[in-house]
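>>> A predicted structure for the sequence below; I have some questions about it.
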Amino acid sequence: MRKYSVFALAREAMRSHKGWEPHWVSPEPRPSYDVIIIGGGGHGLGAAYYLAKEHGITNVAVIEKGWLGGGNTGRNTTIIRSNYLYEESMDIYEHSLKLWEGLSQDLNYNVMYSPRGVMMLSHNTHDMQSFKRHINANRLYGIDNEWLTPEQAKKFCPPLDISKTARYPINGAALQKRGGTARHDAVAWGYARGASDRGVHIIQNCEVTGIRRGPNGEVTGVETSRGFIGAKKIGVSAAGHSSVVMQMAGVRVPLTSNPLQALVSEPLKPIFPCVVMSNTVHAYISQSDKGELVIGAGTDQYHSYSQTGGLQIITHTLDAICELFPIFRRVKMMRQWGGITDNTPDRSAIQSVTPVKNLFVNCGWGTGGFKATPGSAHLFAWLIAKGEPHRLAEGLTLDRFRTGRLIDEAAAAAVAH
Amino acid sequence: MSNYRIKGAGRLTPARTARFTFDGKIYTALEGDTVASALLANGVHLMGRSFKYHRPRGVLSAGPEEPNALLDVARDAARRQPNVRASVQEVFDGAIIRSQNRWPTLGFDIGSLNNLLSPFFAAGFYYKTFMWPREAWAKLYEPIIRRAAGLGVAPTETDPDHYANRFAHCDVLVAGAGAAGLTAALSAAKTGAEVILVDERADVGGALLFDTSTMIDGKPGYDWAQGVLAELTAMANVRVLTRTTVFGYYNHNFLGLVERVTDHLPNPNRSLPRERLWQVRAKKVMLATGAIERHMVFANNDRPGIMLASAARLYLNHYGVAVGSRIGVYTAHDSAYEAAIDLKKAGVEIAAIVDCRAKPGEALVSAARNLGIEVLTGYSVIDTAGRLRISSMTVARNGSTNHRKIPVDALLMSGGWTPSVHLFSQSRGKLKFDAENQRFLPNIYAENCVSVGACNGTDELGALLAEAAEAGGGSLSVSGEAAFGWTGGMIGAAEGAGKETTVKAFVDFQHDVTAKDIRLAVREGMHSIEHIKRFTTNGMASDQGKLSNMHGLAIAAEMLGKEIPQVGLTTFRAPYTPVTYGTLIAHSRGDLFDPARKTPLHAELVKAGAEFEDVGNWKRAWYFPRRGEDMHAAVNRECRTAREVAGIFDASTLGKIEVVGPDAAKFLNLLYTNAWDTLKPGKCRYGIMTREDGFVYDDGVVGRLAEDRFHVTTTTGGAPRVLHHMEDYLQTEFPDLKVWLTSTTEQWAVIAVQGPKAREIIAPLVEGLDLSNEAFPHMSVAECTVMGVPARLFRVSFTGEVGFEVNVPADYGAAVWKAIWERGQALGACLYGTETMHVLRAEKGYIIVGQDTDGTVTPDDAGYGWAVSKKKTDFVGIRGLKRPDLMREGRKQLVGLLTADPTEVLEEGGQIVANPNQAKPMTMLGHVTSAYWSENLGRSIAIALVAGGRARMGETVYIPMKDKTIAATVTDMVFFDKEGGRIHG
Amino acid sequence: MAELATRTLPLAGAHGGSASVRLQPAAPANRISLRARPDDVAALSSALKLALPTAPKTSAMNGTRTALWLGPDEWLVIDEGEGGLVEAAASSGALHSATDVSHRNTAILVSGPGAVATLNGGCPLDLSLKAFPVGACARTLFGKIEVVLLRTAEDSFRLECWRSFSDYAFGLLAEAAEDACS
Amino acid sequence: MLLIHCPYCGDDRSELEFRWAGEAHIARPEVISEISDEDFAEYFFLRDNTKGIAWERWRHIHGCGRFFNAIRDTVSDKFLLTYEAGLPRQPVPGTEPVSAGGAEGGAA
């Protein structure tokens, strides 16, 4: 693989970029693989990358129904943070954040990880109690997260309205400085490039229609729109479609798929320096490198695979945004879209062995999937390679729904992010 | 010449002028001008700079597809909006207009250096570099890129304008008032249907606004359109909305419209909204959105002065403006000839018509030649020159290398017409590719919707009118003859911009995406159109690819050697054109953003000087500072007085549900963990509610008023969800129970009087009830009369003192409160708020659900195991409570904490560890849920969730804070009056 | 004997409207939330002296009393006169639940040619005379709050909401009324 | 924004008036206290999350207040049928009644 660098770029500039190789190759599928990953999003491609890079398993195929990164990877608002409440969550999201910090270099692909700070606004006593609980837990766990006064919050994010006359005045904020954003497409493409370079087969426009089982119930491969492909192990990383794929193996998972909407404004000169979230008024916002205000809206209430949602979700979110940032009322919405989130009852992910031998599942990331990408992929690769969860992912297994040992971030955070 | 307005041309009234400034210079316009037509009339073409290379750009179009001429339009400092399309915004007198994305000036822009570096800035270049050193991306490179990117400057002041919302229903919504839309609307209206006809322009007619050669019903198209408009406007069942854009087509025929109400007016009446959001539910939708002319993709096709042929024709025929004095035409389609002919007839010199087709329609060619216009067929424009304005075009016979340079000051292009299927596509309709005419057309409809006219690929005027009339369902016959058909043309790169060239032939103007960028993306392995779009950002600019999508697709398809449908089409997303946030939120701002709920006693609380806090939607009295008191002092005084004398508290926000019916007790048995059949009328009991999972969901006191009537109270925040939860079980799990639920939260004003003198305070106001301990002990409830009004009196306490909660019908609350406070004051009592309530209840170890518990605490964890009936065979949560993890040893349990230093008040949310010296990540035992200074105990107290808490009594635990570590002892939760005698006093 | 309590109305002193719409707080009224099964409707009707409507979106009126259908087993009964609704219902001897909500609710009267446009500023219902004739009623939404809407005449409506939402309701009505005349 | 036909109001009303209430026809076990941990997890957590035709519950919470059932295509979001709570699982219009799981009435 030709290395990317400023020099390579200069050289190619001289010959009008005729020398670049494809990011990834799209070979014809082999009859069978050691591992098949179903789902060509960031999580799936990343898992393939780490299987090859860290576990020496290269006879791997990533099978994608549509185009790489066409699911939630390419539809989210790219927020990255790790200041979660429960140990299980802190473990995985902090592991992920550490990987984010070196991902561009590791992949030799600029994923534009930009730690410009994620600030969560506190509007009342309950918020303050909850945020300080997070901050203290994070600090003792070695994760940065600090309390800001309203004035400090305003200093960090000048467009913020901290007047006492606001409907829900701000009484402080929690800031994770290492939090921020990254370029979503780049994550999928960077992992695809790295995996492809290590021999992983990336197969797009190939829909899995069935999972074949052997005499002892173990998986033997997948039926696809391009025929049967054998596999010793299968990892399902299909986000909103996880239920559908798992049903093919007769496994029910505690998921509900809901449309989650987002929108961007027309491009503006830099005005918004960080990421701001508010649970109480249900809004979060940042500004992309192109200058668009990227705003995450809420989840539609009903279960759907339609990737479209109602206008009322958008307007409610903008109510809140304009309440927090009145100067944005004259800004224009340029594009809105939706993705399908897979939500678990406790709003924490599932990464687990399943009742079916050699079938592994990684799902339930709900609205937190993007920030988890490297960590989830890294630990999912481990799970597939070793057949048992990595220490950092032990809490994420399916068994918790039987025992009741939930990781209830739902109780901790109300807003989609 | 600096005035390009042509006498006698156009439809504006020369007498009615407006003055505006552009980059500080004053210009004159005519009323009805768009900013673009006004500037063009003044000979100004340079209106913007491109996104990436900062290349000089002029207005390209005369409509919403405009990618170049995006301006900053202001009425005053606060009424300023960036990224406004010059081709859509109407001029109003006094408008302050500025160009964007340039520094220092539009004519001389430092940013245009990027243009020289463009070989470096190829598509996706940023993915390949800026990776070292690690920190540099966010600290160095990104800020530079961000400053260069972006277009307009965000507003810096709060928008003083207001916006409105209107829900509407109709039988038929027609989007687009061109020949097809008008016909469809009239036809539908004649059947008596409720019709809403929408057009984004100020005037109806669509293409008829520029196409002066088309005749309908024997009249010039425009006159016919005006006639139909008049007819429609006169009908009671029709609403015509001009200056209105259908921006979104959502589920089940729900459409979002934005009506621009005042932005074209010099001095709008301030009572008018600036824009109005229409949320329309239509039984049927008729899309008559027409088609958008394509540009030609050739070298340096982006210089100011280069524009769409139909745009030039509109500027001439509607606005009376010539877009140049020596104009070239480059076309792959007949319609451009009409523009040339109109301009020529208006006295403008046409340098040449360059038609890349070898054999265009003979009639048109000779029509042009007869007017003395040079027509070069089988020729292409292969380059242009000119810095801030095109000065010449270079033409060559296709395939030949002999060039000819022709001086021009404007160049019109037409690559043919792209049907506007955006709304159809938004409605989740499926498109099909019309290979013959190289275009996507509506195929499978997902809603009750029909497309008519150009957006449906129906090009021949007669057929179009017939189709529209039929769609409308009425018996309407309209006849017409058009000068040209809309089919044909070309997509993709034109002559000289092909595979091997390195020229800049722009596909997406705003984002500076060239044909070679698309090819590079394909070379780099981007084979799906979605990947190509994202890699090159083609079609992602604020025009959302209205001009660029088809060209990009064609170039990619050619490169991949695939058919266009195999490469796919990117989905069109709402909004069709950008929509102001203020319009979308309409009334939901300030006081109307979210209802602020006030109790019936609110005015009294304000009079008494209360500070308020937000609890859900409620405004609750927080504390009552006296002169010179801060919160701490006020709360200490309130706490002391409440226990020494008495305190008076507004508890009206408590949720209340009247549970009535013979099966009421049976129902509560199922919904609460406690047993209720044993509760006698006249008594109350504290109840805990869990969901099936066994975790605490809500709590509150429940009073039994009669065998078949309970007065249930819930937490303030929990009221709505508890009622929903109860209704769910009642309606769908236990539908046979004879019981009904009614929310009475707001029926009652609730005044809590707590403390040794509570009885003395209220006694004189209460009639028909003996308040003595014997007759009315703790946990009693009775219906009685207070100050002559029917009341419900509870003997309950959330403070550990003798307590009463006086419930009176809400409207009487203020009067009763006044009387109680009057007596209370005389006896030395105080008013107290939620903060003191929290302290007093904590002194007694009473929990607050949602503060001391979250979604993971069982009744036993909270120390309320006694409230879970052992006898009942069923209640919601009975099974969840028995799951392994909920029975586990060492669960987090609520306990008390006493800090070693009594003056040290813990932080709520502080985390607890056994060994503060362990390395991070530390093992945490739990956290502090409540912590206060207790004035009555003269020390701090706290409640905490601690792993195996009840087994740790007397143990020392640690709460490591940022700056220090605090030691505390684990105790039981009752800190004050452990024997509990006072409550019965 | 303590002095008698006096009433303080939630929208005391509120007034508003525009050229085409009049907004005024309704006078205090007696109200019950009435719940009963189909078999008991007849008995309750005669006890209340008005036929409880059994068709969705309809109301019945007799003298000072109006009964609004809110659900298959639920009515809002409003009496602008003497009251005695709870007692009347009780006298029916039929199985039911009658809960006094006189003070829970308050009402705003919206009248004038712009009434429909005003209400549609926040209410998603189709309020055309065809879909929502005189006498029609429904529990629905107005902006961000729940309301009960009753059409009392072609251009007059009664909007009932919970008292703590009445400021919001009146505020939104006032803004929408402003827009309704443009 | 969906347009939902409330079987009790007999009227098409805006989604704004409704609240989605999860999958339909999941019966609360008769003697819930006796079931196994696995069965409880199945009952309380596991869902079909069907892509395609799904049976679900809605409540007309800001209208008549009633819970009811609906058959909806979760890909197109089109409603095929709405029917009163308590009725057994209804067949997809134009198809044969579905037997399996159609029995339980109470849990609508």
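Sure, I can see it.
>>> What parts of chain B come near chain D?
B:250-254, B:279, B:281, B:428, B:446, B:692-693, B:724, B:727-728, B:731-733, B:735, B:873-874, B:878-880, B:882-884 (Cβ under 8 Å from any Cβ of the partner chain). No exception for glycine: its C-beta is placed from N, CA and C like everyone else's.
>>> From those residues, list the ones also adjacent to chain A.
Among these, chain A is touched by B:250, B:251, B:254, B:279, B:428, B:693, B:880, B:883, B:884 when using Cβ under 8 Å from any Cβ.
>>> follow-up on the earlier one: now the residues of chain B next to chain D: which count as buried?
B:250-254, B:279, B:281, B:428, B:446, B:692-693, B:727-728, B:731-732, B:878-880, B:883 (16 or more other Cβ atoms under 10 Å in any protein chain shown).
>>> can you pull the contacts of the residue in the stretch 101-250 of chain A that chain C sits nearest to?
Among all residues of the stretch 101-250 of chain A, residue A:167 sits closest to chain C, at 11.0 Å; criterion: Cβ to the nearest Cβ. Under the criterion of Cβ atoms under 8 Å, 6 or more residues apart in numbering or on different chains, the neighbours of residue A:167 are A:323, B:590, B:591, B:593, B:594, B:596.
>>> between those, which is nearest chain C?
Of all those, residue B:591 has the smallest distance to chain C: 5.6 Å, by Cβ to the nearest Cβ.
>>> could you pull out the helices for chain D?
Using DSSP state H, the helices of chain D run over D:37-44.
>>> How about the residues of it by chain B?
So far as Cβ under 8 Å from any Cβ goes, chain D lies against chain B at D:1-3, D:14, D:19, D:21, D:28-29, D:31-33, D:35, D:37, D:40, D:43-44, D:57, D:59, D:61, D:65-67, D:76-77, D:85-86, D:106-108.
>>> Counting neighbours, which of the residues you listed end up buried?
D:1-2, D:14, D:19, D:21, D:28, D:32, D:35, D:37, D:40, D:43-44, D:57, D:59, D:61, D:65-67, D:76-77, D:85-86, D:106-108.
>>> among those residues, which are within reach of chain A?
Among those, chain A is touched by D:1, D:2, D:19, D:37, D:40, D:44, D:76, D:77 when using Cβ under 8 Å from any Cβ.
>>> related to what we said a few turns ago, how about the contacts of residue A:167, which pair is most distant?
The most widely separated members of those, counting by Cβ to Cβ, are A:323 and B:596 (12.7 Å).
>>> When these two are compared, which one has more neighbours?
Remark: of residue A:323 and residue B:596, residue A:323 carries more neighbours, 22 against 19, as counted by other Cβ atoms under 10 Å in any protein chain shown.
>>> my guess is the more buried one meets residue B:589, correct?
Yes: counting by Cβ atoms under 8 Å, residue A:323 does reach residue B:589; the two are 6.8 Å apart.
>>> Residues of the stretch 651-800 of chain B that sit close to chain C?
B:658, B:660-662, B:738-740, B:742-748, B:764-765, B:767, B:786-789.
>>> where are the low-confidence patches of the stretch 201-350 of chain A?
Within the stretch 201-350 of chain A, no stretch has pLDDT under 70.
>>> Please enumerate the strands of it.
A:201-203, A:208-213, A:219-224, A:227-236, A:256-265, A:275-278, A:283-287, A:293-299, A:332-343, A:350-353 (DSSP state E, counting those that start in this stretch).
>>> quick one: strands adjacent to the following helix or strand past the last one?
Scanning forward in sequence from strand A:350-353, with DSSP states H and E defining helices and strands, the next element found is strand A:359-363. If you go by DSSP bridges, strand A:359-363 pairs up with strand A:227-236 (parallel), strand A:350-353 (antiparallel).
>>> Neighbours of residue A:166, how many?
16.
>>> Quick one: end-to-end length of stretch A:46-65, please.
Stretch A:46-65 has its terminal residues 17 Å apart, counting by Cα to Cα, to the nearest Å.
>>> let me redo that: stretch A:348-358
23 Å.
>>> Quick check: buried residues in that stretch?
A:348, A:349, A:350, A:351, A:352, A:353, A:354, A:356, A:358.
>>> Excluding covalently adjacent residues, which one is nearest to the third one?
Think residue A:350. Spatially, and ignoring its direct neighbours in sequence, residue A:350 is nearest to residue A:364 (4.2 Å; Cβ to Cβ, 6 or more residues apart in numbering or on different chains).
>>> Can you list the low-confidence ranges for chain C?
Scanning chain C with the threshold set as pLDDT under 70 gives C:1-2, C:182.
>>> cutoff 80 now
C:1-2, C:181-182 (pLDDT under 80).
>>> same deal with chain D?
By pLDDT under 80, the low-scoring segments of chain D are D:95-108.
>>> run the last query once more with 90
By pLDDT under 90, the low-scoring segments of chain D are D:94-108.
>>> what does it have sitting close to chain C?
D:8-11, D:13-14, D:16-17, D:62-66.
>>> Go through these and flag which are in strands.
Among the residues of chain D next to chain C, the members found in strands (DSSP state E) are D:11, D:13, D:14.
>>> hmm, back to that, kindly reformat the buried residues of stretch A:348-358 as TSV containing distance to residue B:610.
Shown next, in TSV, are those (distance: Cβ to Cβ, whole Å):
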residue	distance to residue B:610
A:348	41
A:349	45
A:350	48
A:351	50
A:352	52
A:353	57
A:354	57
A:356	62
A:358	65
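>>> ok, so of those residues, who is nearest chain C?
Once Cβ to the nearest Cβ is applied, the member of the buried residues of stretch A:348-358 that ends up nearest chain C is residue A:348, at 30.7 Å.
>>> what's near enough to touch the closest one?
A:86, A:88, A:89, A:364, A:395, A:396, A:406, A:407, A:408, A:409.
>>> Pick out the lowest-pLDDT one from those.
Here the lowest pLDDT out of these sits on residue A:409, with 83.
>>> Let's see which of the residues of chain B next to chain D end up in helices.
Checked against DSSP H, these include these in helices: B:724, B:727, B:728, B:884.
>>> and the two most separated of the residues you listed?
B:727 and B:884 (31.7 Å).
>>> what residues are up against residue A:267?
Contacts of residue A:267 by Cβ under 8 Å, 6+ apart are A:290, A:291, A:292, B:51, B:83, B:149, B:150, B:151, B:152, B:542.
>>> typed the wrong thing, it's residue B:69
Contacts of residue B:69 by Cβ under 8 Å, 6+ apart are B:35, B:36, B:47, B:48, B:57, B:58, B:59, B:60, B:85, B:86, B:87.
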